[in-house]
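Enquirer: Coordinates only, no sequence provided:
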């Protein structure tokens, strides 16, 4: 099979999309696929695949530059002779015009859930006007891009259902394939657990920090400070609103307890997991949540929002805690439980380890290749 993989992040990635594309590419090459990667990133020397470097537009305001990248992909795809094209982010197929069958992966459904009432976003986002305009633009372009594809891979059942319903997509053209990372469980020692509880450090890792619940974490932190004056919050992730969030922390009087580190290379994040007391990301909307698995692999108990595909990954009180992403008191209580209840911590850590051990990246690759064959076969019979 000859495949073109188009991806905005590759190798040196900063989100789950890049992790997915990199893992998938390695698995496909090992399975014998003749792969060509189209990406703004650099070629991976360890990967036996051709790489075509493309560039997003300098003035492209879309995340990852996906809109202008779709046009850059189209220019290069015209020159390729492949059996199938896979857009690691389905919306990047927007500019594609061609006879080669193409499919895309759906990593989220929050644009499909877009509300056409501007003030809906006012309570949750500091950039609510820009966000409303951006979401309106992406909702229209995403729908158009997705409808052009021969097949769609959804990262969760929830994502697939929402996209199908909101955009009028035939569910038969979709395949749910969980993104299964190549993680190894890192055992804990009693000494490390003791240090974690002494430090009382909350860890938040996410790009779209507001959608992933950082404002709620701020509210919960303020509620906890009277009882835990030593508690700290560390924030990792790339986002244009980090400065605004720092100012909000200052207004709330919690800035001395909030440490915004920004983007951290993937190979360095494990150290933050190991040293923190718990991982918290109470997303307002979430397609799945690879970052929860990364935390679990390091023996870190997790707290997540009770929404979207997260509910397909996290089972409350078994491998994590789920909270209402609008309830700061419930989040504060969950944090307090993980600081005080060692039996709960041990249960969640053990459950997280089991969840990680059940992940099989080869299963993801095999299911993806089976779907490739299905899409190619159906395209030939049309």
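Expert: Perfect, I can see it now. Because the structure is a prediction, the values reported are computed rather than measured.

Enquirer: For the stretch 251-382 of the chain, which segments are assigned as strands?
Expert: 258-262, 278-281, 302-305, 321-323 (DSSP state E, counting those that start in this stretch).

Enquirer: Out of the ones you listed, flag the one nearest residue 67.
Expert: strand 258-262 (24.4 Å; CB to CB). Yep, even glycine has a C-beta here, placed from its N, CA and C like the rest.

Enquirer: residues making contact with the closest one?
Expert: 218, 221, 232-238, 242, 245-246, 249, 272 (CB atoms under 8 Å, 6 or more residues apart in numbering).

Enquirer: and if we set it to 10 Å?
Expert: 201-202, 204-205, 209, 214, 217-218, 221, 232-239, 242-243, 245-246, 248-250, 252, 268-269, 272 (CB atoms under 10 Å, 6 or more residues apart in numbering).

Enquirer: Just the ones of the residues you listed in strands?
Expert: The strands, defined by DSSP state E, take in 201, 202, 204, 205, 232, 233, 234, 235, 236 from the contacts of strand 258-262.

Enquirer: Now do the helices in the stretch 1-150 of the chain.
Expert: 16-30, 66-77, 128-147 (DSSP state H, counting those that start in this stretch).

Enquirer: And the last one, what's buried?
Expert: The reference is to helix 128-147. Within helix 128-147, the residues that qualify as buried are 128, 131, 132, 134, 135, 138, 139, 141, 142, 143, 145, 146, counting by 16 or more other CB atoms under 10 Å.

Enquirer: out of the helices of the stretch 1-150 of the chain, which comes closest to residue 350?
Expert: Here helix 16-30 is closest among those (CB to CB), at 24.4 Å.

Enquirer: for that closest one, which positions count as buried?
Expert: Those would be 16-29, for helix 16-30 by 16+ other CB under 10 Å.

Enquirer: Check which helices and strands it sits against.
Expert: Secondary-structure packing of helix 16-30 (3 or more CB pairs under 10 Å, 6 or more residues apart in numbering; DSSP states H and E): strand 2-6, strand 34-39, strand 84-87, strand 102-106, helix 266-275, helix 290-297, helix 361-380.

Enquirer: Switch these over to a markdown table; also include mean pLDDT.
Expert: Output for the helices and strands packed on helix 16-30, formatted as a markdown table (pLDDT from 0 to 100):
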| stretch | mean pLDDT |
| --- | --- |
| strand 2-6 | 98 |
| strand 34-39 | 97 |
| strand 84-87 | 98 |
| strand 102-106 | 98 |
| helix 266-275 | 89 |
| helix 290-297 | 95 |
| helix 361-380 | 95 |
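
Enquirer: Next, format the helices of the stretch 1-150 of the chain as TSV and append mean pLDDT and distance to residue 109.
Expert: Listed next are the helices of the stretch 1-150 of the chain as TSV, based on pLDDT from 0 to 100; distance: least, CB to CB, whole Å:
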stretch	mean pLDDT	distance to residue 109
helix 16-30	93	14
helix 66-77	96	16
helix 128-147	94	10
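
Enquirer: how about these in a markdown table, adding distance to residue 4?
Expert: Shown next, in a markdown table, are the helices of the stretch 1-150 of the chain (distance: least, CB to CB, whole Å):
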| stretch | distance to residue 4 |
| --- | --- |
| helix 16-30 | 11 |
| helix 66-77 | 6 |
| helix 128-147 | 16 |
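
Enquirer: what about those helices, which gets the closest to residue 289?
Expert: helix 16-30 (7.9 Å).

Enquirer: how far does the closest one sit from the chain's center?
Expert: 14 Å (CA atoms, centre = their mean, to the nearest Å).

Enquirer: Same question for stretch 51-59.
Expert: The answer for stretch 51-59 is 22 Å, by CA atoms, centre = their mean.

Enquirer: cool, stretch 164-177 as well?
Expert: 20 Å.

Enquirer: Give me the buried positions along that stretch.
Expert: 164, 166, 167, 169, 173, 174, 175, 176, 177.

Enquirer: Which helix or strand in this protein has the lowest average pLDDT?
Expert: helix 266-275 (a mean of 89; mean pLDDT, DSSP states H and E).

Enquirer: For that one, which outside residues touch it?
Expert: 11-15, 18-19, 22, 186, 188, 192, 195-196, 199, 201, 203, 205, 234, 236, 261, 263-264, 279, 291, 294-300.

Enquirer: picking up where we left off before, same list, the ones in strands among the contacts of strand 258-262, but as CSV with distance to residue 376, pLDDT and neighbour count please.
Expert: Output for the ones in strands among the contacts of strand 258-262, formatted as CSV (distance: CB to CB, whole Å; pLDDT from 0 to 100; neighbours: other CB atoms under 10 Å):
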residue, distance to residue 376, pLDDT, neighbour count
201, 49, 97, 20
202, 47, 98, 25
204, 42, 97, 23
205, 37, 93, 23
232, 52, 97, 17
233, 48, 97, 23
234, 46, 97, 17
235, 43, 95, 22
236, 40, 94, 21
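
Enquirer: that older thread, narrow the buried residues of stretch 164-177 to those in strands?
Expert: 174, 175, 176.

Enquirer: From residue 367, how far out is the second one?
Expert: Counting by CB to CB, to the nearest Å, the gap from residue 175 to residue 367 is 7 Å.

Enquirer: what is in contact with the two at once?
Expert: By CB under 10 Å, 6+ apart, the residues touching both residue 175 and residue 367 are residue 153.

Enquirer: All set, thanks.
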